[in-house]
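# Sequence plus the predicted model coming up.
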Amino acid sequence: MKIQEADAKSLLVAQGLPVPPWEVAQTAAEARAAANRFLAAGGKQVVIKAQVLVGGRGKAGGVKLAGSAEEAERVAAAILALQIKGIAVHKVLVGPAADIVKEFYLAAVLDRASRRVILMGSAEGGVEIEQVAADRPEAIVTIPAHPLAGFLPFKARQMAFRLGLGDHLKDAVAIATGLVRTMHAYDADLVEINPLAVVREAGAAGAVSERLQCLDAKITLDDSALARHAGLEDLRDPDDEDPADRAAREAGLTFIKLDGTIGCMVNGAGLAMATMDLVKRAGGEPANFLDIGGGARADKVTAAMRLILADPKVDAILVNIFGGITRGDEVARGLIEARQQQERDVPMVVRIVGTNAEGAAVLLREARFETAATLDEAARRAVAASRGAPA
Ligand code: GDP
Ligand code: MN
């Protein structure tokens, strides 16, 4: 799950990392009021940033500076009217503009190949890291964290020196170890700061000093670990999720869309995979993986059917239920209800065995469903039906 920059920054602040202050505004007037507060606190400019879950906001016109509250209002209105990579901007972050000396890239990343958290850094920050990785891979420094001890200070110092951050060693070490700590604290897959910036700050009596600050933050969380952290689910952004994925999650279904034409509704992950194999063996291509889970009742079956039929490529459906906790007659009731509601009629072959299979058979016969006795037969007929033969 991706979270917005402002939320990611809150997690960083909670871990003690240096992030400039900010407010989130939903209207230009709110942005103006926030800008007023930051300018009154002594800043010369404010930065206004679109809160959308895509990178490259700067290039797309979603990050702008403003020198007055009026300008902030105008800029915010313009950003709030933007669509960035197809996503409408609903909120902006407003904060004091940093006086940037140099931009770096620093991220804690879950590296699946080495099965470790690694810290990746580059002195070429601000730009897209994928570009740096493609053009000049040597400009990226990678140091693995220890699986148990975390990211030790000596490694953080190594990273700092290799990025040329020797003058900001203390800050750099705190940030590097803090990123890995943040990663573990919230079960994140990625904690990315781009740019991590050396910023100039005016102190008392005109004194100028430099320090490191996290100016941007991108965090992705492991969906499977969300249950371990109170409050993180609330950070979910509805724009982040594909509508089908959301419907599946809300209905408690495991659904993965594929490229084929045969919709599959199965109970149990193993059976769902076996069903997909048989569809392939019969010469078809599954349109999805769908596990309605154990003990699924009629409403879950209707939700599953809606998901399958929402895919316009689906031209035949194979229902394969092996009743244990799941009761065949419940599934049959769900199928009948779903067919009454559905707008699109697609040939369907149903195979239900196990608990209450007899009850299911009676219901399905009465409702004139096509049933099959074996899975092989069901797969074969579903594939034939998708090619135009009667189910
Ligand atoms: P992204 O384009 O979505 O990654 O958004 P960023 O927050 O990284 O901003 C893009 C770029 O805008 C940064 O690399 C900076 O060059 C610039 N920028 C962001 N915040 C500030 C700021 O406070 N002051 C200044 N001067 N530039 C900023
Ligand atoms: Mn950035």
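Received it, and whenever you're ready, just let me know what you need. Everything numeric here is computed off the predicted structure, so don't read it as measured data. Numbering: from 1, shown residues only. Ligands and ions are numbered 1, 2, ... in the order given.

# interface residues of the stretch 201-350 of the chain facing ligand 1?
215-216 (Cβ under 6 Å from any ligand atom). In this view, the C-beta of every residue, glycine as well, is placed from N, C-alpha and C.

# Show me the helices in the stretch 201-350 of the chain, by range?
243-251, 269-281, 298-309, 328-341 (DSSP state H, counting those that start in this stretch).

# and the first one, which residues are buried?
Pointing back at helix 243-251 there. 244, 247-248, 251 (16 or more other Cβ atoms under 10 Å).

# Can you show me the CA trace of it as CSV?
Taking C-alpha atoms only, helix 243-251 is exported to CSV below (Å, rounded to 0.1, in the frame of the first residue of the first chain):
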residue,chain,number,x,y,z
PRO,A,243,-11.5,-0.8,-8.3
ALA,A,244,-11.6,-4.5,-8.8
ASP,A,245,-8.9,-5.0,-6.1
ARG,A,246,-10.9,-2.8,-3.7
ALA,A,247,-14.1,-4.7,-4.3
ALA,A,248,-12.4,-8.0,-3.7
ARG,A,249,-10.7,-6.8,-0.5
GLU,A,250,-14.0,-5.4,0.8
ALA,A,251,-15.8,-8.6,0.0
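
# And it, what does it pack against?
Taking 3 or more Cβ pairs under 8 Å, 6 or more residues apart in numbering; DSSP states H and E as contact, the helices and strands that helix 243-251 lies on are strand 254-257, helix 298-309.

# switch the cut-off to 6 Å
Packing partners of helix 243-251 (3 or more Cβ pairs under 6 Å, 6 or more residues apart in numbering; DSSP states H and E): helix 298-309.

# what angle do the helix it packs on and helix 328-341 make?
50 degrees (axes from the mean of the first three to the mean of the last three Cα atoms, to 10 degrees).

# mind checking how far helix 298-309 is from the chain centre?
Counting by Cα atoms, centre = their mean, to the nearest Å, helix 298-309 is centred 24 Å from the centre of its parent chain.

# Next: stretch 247-266.
18 Å.

# want to throw the helices of the stretch 201-350 of the chain into TSV with distance to F289 and mean pLDDT?
Output for those, formatted as TSV (distance: least, Cβ to Cβ, whole Å; pLDDT from 0 to 100):
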stretch	distance to F289	mean pLDDT
helix 243-251	11	87
helix 269-281	5	96
helix 298-309	11	92
helix 328-341	18	93
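
# Output those helices in TSV; the columns should cover distance to P96.
Converted to TSV, these look like this (distance: least, Cβ to Cβ, whole Å):
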stretch	distance to P96
helix 243-251	36
helix 269-281	50
helix 298-309	46
helix 328-341	54
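
# Ligand 2: which of these is closest?
helix 243-251 (25.5 Å; Cβ to the ion).

# Arrange the buried residues of helix 243-251 in a markdown table, one row each, with distance to A202 as further columns.
Below are the buried residues of helix 243-251 laid out as a markdown table (distance: Cβ to Cβ, whole Å):
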| residue | distance to A202 |
| --- | --- |
| A244 | 52 |
| A247 | 52 |
| A248 | 53 |
| A251 | 55 |
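
# Just checking, which helix or strand of this structure averages the lowest pLDDT?
Using mean pLDDT, DSSP states H and E, the weakest-scoring helix or strand in the chain turns out to be helix 243-251, at a mean of 87.

# Within the helices and strands, which one has R368?
Assigned by DSSP states H and E, R368 belongs to no helix or strand.

# Report the buried residues of stretch 176-189.
With burial defined by 16+ other Cβ under 10 Å, the residues of stretch 176-189 counted as buried are 176-183, 186-189.

# actually stretch 5-20, not the one I typed
5-12, 15, 17-20.

# could you point out which element follows the helix or strand where D7 lies?
Per DSSP H and E: D7 is located in helix 5-14. Using DSSP H and E, the helix or strand that follows helix 5-14 in sequence is strand 23-25.
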